[in-house]
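Student: Got a sequence here, can you model it:
(one chain, ligands or ions: 2)
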Amino acid sequence: MTTATKTRTINVFIADPLSEDGIFPLRQEQDLDLNIIVDTGLAPEELIAKIANVDVLLVRSQTTVTREVIEAAKSLKLIGRAGVGVDNIDLAAATEHGIIVVNAPDGNTNSAAEHTIAMMTSLARHIPQAFNTLKNGKWDRKSFVGVELKNKTLGVVGFGRIGVEVAYRAKGQRMNVMAYDPFLTDERAKELGVTKATVEEICVAADFITVHTPLLPETRNLINKDKFAMMKDGVRIINCARGGIINEDDLYDAIVAGKVAGAALDVFVSEPATDHKLLTLPQVIATPHLGASTIEAQESVAVDVSNDIIKFYKTGTVTNPVNMPSIPKELLAQVEPFFELAEKLGSFLSQVTTEPVKEINLSYAGEVANYDVRPLTSNALKGLLSKNHGNHVNDVNARYLSERIGMKINEHKTTTAKGFTSLITIEIITANETHTVAGTLLNGLGARIVKVEDYVVDVIPQGHLLYIKNTDKPGAIGRVATKLAEKEINIATMQVGRAQVGGTAVMMLTVDNVVTEEDLVFVAQLENIDEVKAINL
Ligand SMILES: NC(=O)C1=CN([C@@H]2O[C@H](COP(=O)(O)OP(=O)(O)OC[C@H]3O[C@@H](n4cnc5c(N)ncnc54)[C@H](O)[C@@H]3O)[C@@H](O)[C@H]2O)C=CC1
Ligand SMILES: O=C(O)C(=O)COP(=O)(O)O
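Tutor: Ligands and ions are numbered 1, 2, ... in the order given. Okay, the predicted model is just below:
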């Protein structure tokens, strides 16, 4: 986990215009040594040339954070998106490189919803066209007869934060609202006073259709010529979400054919879009991606990402992660203590075997099983992979890297924890071996390893450990202690365990100094000692 440091300068590169008030938390940060560089409007190759030593990159929608940018950014830990949509960031590349991407999902909801309503109203009443005519000295009242919103049906496709806020406002205009979202339940639709519908039902019934989904492979071209064909003649279309959700060529054709009476667009497939063919149509009104461009939204989104940067460097966690599981605040406090335990258990196992791990079974028992355990698994995998990947593995890419090397990851949850409040048991399977370790958090006493293979132990997972397998014969413990003393290795604690008298037994020793390979060989040569491993946690 990353923690606060004044010893190292953190280079924060702001590549798109952000609210100065919004980045105030960064400017006034005292505990971290932040070097804030504001350099906006760069061409991709200019950004690549400047990014090598950047730790944190802050963008809006203008800067495209490509794989090339990410690969050139040798120190990058975090990309902050001061806004919602992250389609301008290569998330796969960021994840692969262990770079956390955070966004600001709440800060511009109102502004985007208000802009959508402004666009819909302008579309219905031809306000931009009428204003233009008037500016050009013509008092034309005949060409701009509009339609009322009242009693019209608005179809909202994508019923998340903005979609819902649009619906509230549209109901204020006495519109009937139909909504589609894969996560919309009947209860929620009822509660919000909207009719739950499919995209097709919306296409057939709506007078106005507005989209509010992210741009994803599944939503690209969601509204296309087949959908336009289903729509009412004279339908009006609004897109204040992302260019490409509505197929631009098909929209153009539908307007020219008279099917669509008008469109209001804030976003385009390729931006800036100054000579777009849709802009040549008198039925189209447009703004240059202004949905989030209010003083309030800009301040809010910049404050949110600034706070997440500070939080990341001080605590190692973030509030609005995009490429790692997000944990609700109330749960974070409960699962955070297990992060380190899971990582240590993973690290322990990585040092017990020398073979590549083919499969990992993670069992979460007791209270911990009530939580979203994916972050714990990520920490366990991080611990497991850190032996070979060092600092390159973190919570963001641990699962990705594990899967890339073909490791099968199985998570199990059970309520019974063998007398512990919570118990995490991890088993790794290699071509020839299986190893198991289990750990818990003891109330007030911190983390403990409570089981290694089949043996019950009680070991603090910290410092230098010696894991010794021996035949359960008198004298083994004494010989080990004497040999370590000869090597000036002081034993701090010692645990022994065995499955049956005279069988295989284990010793778990905590020692005060690092045990070298050479010392290990000496211990391994002792009578009745079968295996010795040094483990550093
Ligand atoms: N024009 C502008 O300046 C702004 C544009 N946006 C855009 O608006 C989008 C929505 O923003 P929020 O409402 O804040 O996000 P959100 O994440 O709260 O809502 C998005 C909704 O889309 C739904 N969805 C996903 N796939 C879908 C599909 N195939 N069909 C229908 N619905 C689907 C999700 O379930 C979710 O409920 C953002 O992704 C962003 O691209 C956001 C802010 C400002
Ligand atoms: O938040 C979003 O998704 C937006 O589209 C806003 O974009 P912007 O930050 O204004 O470039």
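
Student: residues touching T425, list them.
Tutor: Contact analysis of T425 by Cβ atoms under 8 Å, 6 or more residues apart in numbering lists 362-363, 365, 436-438, 451. Yep, even glycine has a C-beta here, placed from its N, CA and C like the rest.

Student: Among those, name the ones in strands.
Tutor: Among the contacts of T425, the ones falling in strands (DSSP state E) are 362-363, 365, 436-438, 451.

Student: Lowest-confidence member of the residues you listed, which is it?
Tutor: Confidence by pLDDT is poorest for K451 among the ones in strands among the contacts of T425, given 92.

Student: What about the residue nearest to that one when sequence neighbours are not counted, how many residues nearby?
Tutor: Excluding its sequence neighbours, the residue lying closest to K451 (Cβ to Cβ, 6 or more residues apart in numbering) is A438, at 3.9 Å. Residues within reach of A438, counting by other Cβ atoms under 10 Å, total 23.

Student: Now A189: which helix or strand?
Tutor: Using DSSP states H and E, A189 sits within helix 186-192.

Student: What are the contacting residues of that helix?
Tutor: Outside helix 186-192, the residues that reach it (Cβ under 8 Å, 6+ apart) are 164, 167-168, 179, 195-196.

Student: now that helix: mean pLDDT?
Tutor: The average pLDDT for helix 186-192 rounds to 93.

Student: Past the helix or strand harbouring A94, which element shows up next along the chain?
Tutor: Using DSSP H and E, the secondary-structure element containing A94 is helix 91-96. Scanning forward in sequence from helix 91-96 by DSSP H and E, the next helix or strand is strand 100-103.

Student: Give the other helices and strands that that next one contacts.
Tutor: Counting contacts by 3 or more Cβ pairs under 8 Å, 6 or more residues apart in numbering; DSSP states H and E, strand 100-103 packs against strand 78-81, helix 91-96, helix 295-315.

Student: Packing partners of the last one?
Tutor: Read it as helix 295-315. The elements that helix 295-315 packs onto, with contact taken as 3+ Cβ pairs under 8 Å, 6+ apart, are helix 24-27, strand 56-59, strand 78-81, strand 100-103, helix 109-125.

Student: And the strands in the stretch 401-537 of the chain?
Tutor: Listed in chain order, the strands found in the stretch 401-537 of the chain under DSSP state E, counting those that start in this stretch are 408-414, 422-429, 434-442, 446-452, 455-459, 464-471, 491-498, 504-511, 529-536.

Student: contact partners of the longest one?
Tutor: Under the contact criterion Cβ under 8 Å, 6+ apart, strand 434-442 has outside partners 337-338, 341, 344-345, 348-349, 352-353, 417, 420-428, 447-454, 461.

Student: These: which ones sit near ligand 1?
Tutor: Here nothing survives when those are matched to ligand 1 using Cβ under 6 Å from any ligand atom.

Student: hang on, the earlier thing: report the buried residues of the helix holding A189.
Tutor: In terms of neighbour count (16 or more other Cβ atoms under 10 Å), helix 186-192 has its buried residues at 189, 192.

Student: Equivalent analysis for stretch 273-291, please.
Tutor: For stretch 273-291, by 16+ other Cβ under 10 Å, it's 273, 276, 278, 281, 283-287, 289-291.

Student: Need the phi and psi values for the closest residue to ligand 2 within the chain.
Tutor: Nearest residue of the chain to ligand 2 (Cβ to the nearest ligand atom) works out as G83 at 2.6 Å. Here the main-chain torsion angles of G83 (degrees, to the nearest 10) amount to phi 160, psi -160.

Student: pLDDT value on V456, please?
Tutor: On the pLDDT scale, V456 is placed at 88.

Student: For the nearest residue to it once chain neighbours are set aside, which residues are in contact?
Tutor: Counting by Cβ to Cβ, 6+ apart, G497 is the residue found nearest to V456 once chain neighbours are left out, at 5.6 Å. Contacts for G497 were tallied using Cβ under 8 Å, 6+ apart; they are 452, 455-457, 505-506, 508.

Student: among those, which ones are buried?
Tutor: Buried members of the contacts of G497, counted by 16+ other Cβ under 10 Å: 452, 455, 457, 505-506, 508.

Student: Output the set of residues of the chain in proximity to ligand 1.
Tutor: Proximity of the chain to ligand 1 is assessed by Cβ under 6 Å from any ligand atom, with 83-85, 105, 108-109, 112, 157-163, 180-183, 212-216, 218-219, 240-242, 266-267, 289, 291-292 identified as the residues in range.

Student: Recalculate using a threshold of 5 Å.
Tutor: Within reach of ligand 1 by Cβ under 5 Å from any ligand atom, the chain has these residues: 84-85, 108, 112, 158, 160-162, 181, 183, 212-214, 218-219, 240-242, 266, 291-292.

Student: any low-confidence regions in the stretch 51-200 of the chain?
Tutor: By pLDDT under 70, the stretch 51-200 of the chain contains no weakly predicted segment.

Student: In space, what's closest to I127 - neighbours in sequence excluded?
Tutor: Distance criterion Cβ to Cβ, 6+ apart; nearest residue to I127, sequence neighbours excluded, is T121 at 7.3 Å.

Student: give the contact list for the residue sitting furthest away from the middle of the chain.
Tutor: In the chain, the residue that sits farthest from the middle, by Cα atoms, centre = their mean, is P474; the gap is 54.3 Å. Contact analysis of P474 by Cβ under 8 Å, 6+ apart lists nothing.

Student: Looking at it now. What's its pLDDT?
Tutor: Per-residue confidence for P474 comes out at a pLDDT of 86.

Student: likewise T5?
Tutor: Looking at T5, its pLDDT reads 58.

Student: again, but for T2
Tutor: According to the per-residue confidence, T2 scores 46 in pLDDT.

Student: Numbering from 3 from now on, please.
Tutor: I'll keep to 3 as the first residue from here, and by that count the last item is T4.

Student: got the residues of the chain near ligand 2?
Tutor: Within the chain, the positions lying close to ligand 2 (Cβ under 5 Å from any ligand atom) are 62-63, 85-87, 294.

Student: rerun that using 6 Å as the cut-off
Tutor: Within the chain, the positions near ligand 2 by Cβ under 6 Å from any ligand atom are 62-64, 84-87, 110, 291, 293-295.
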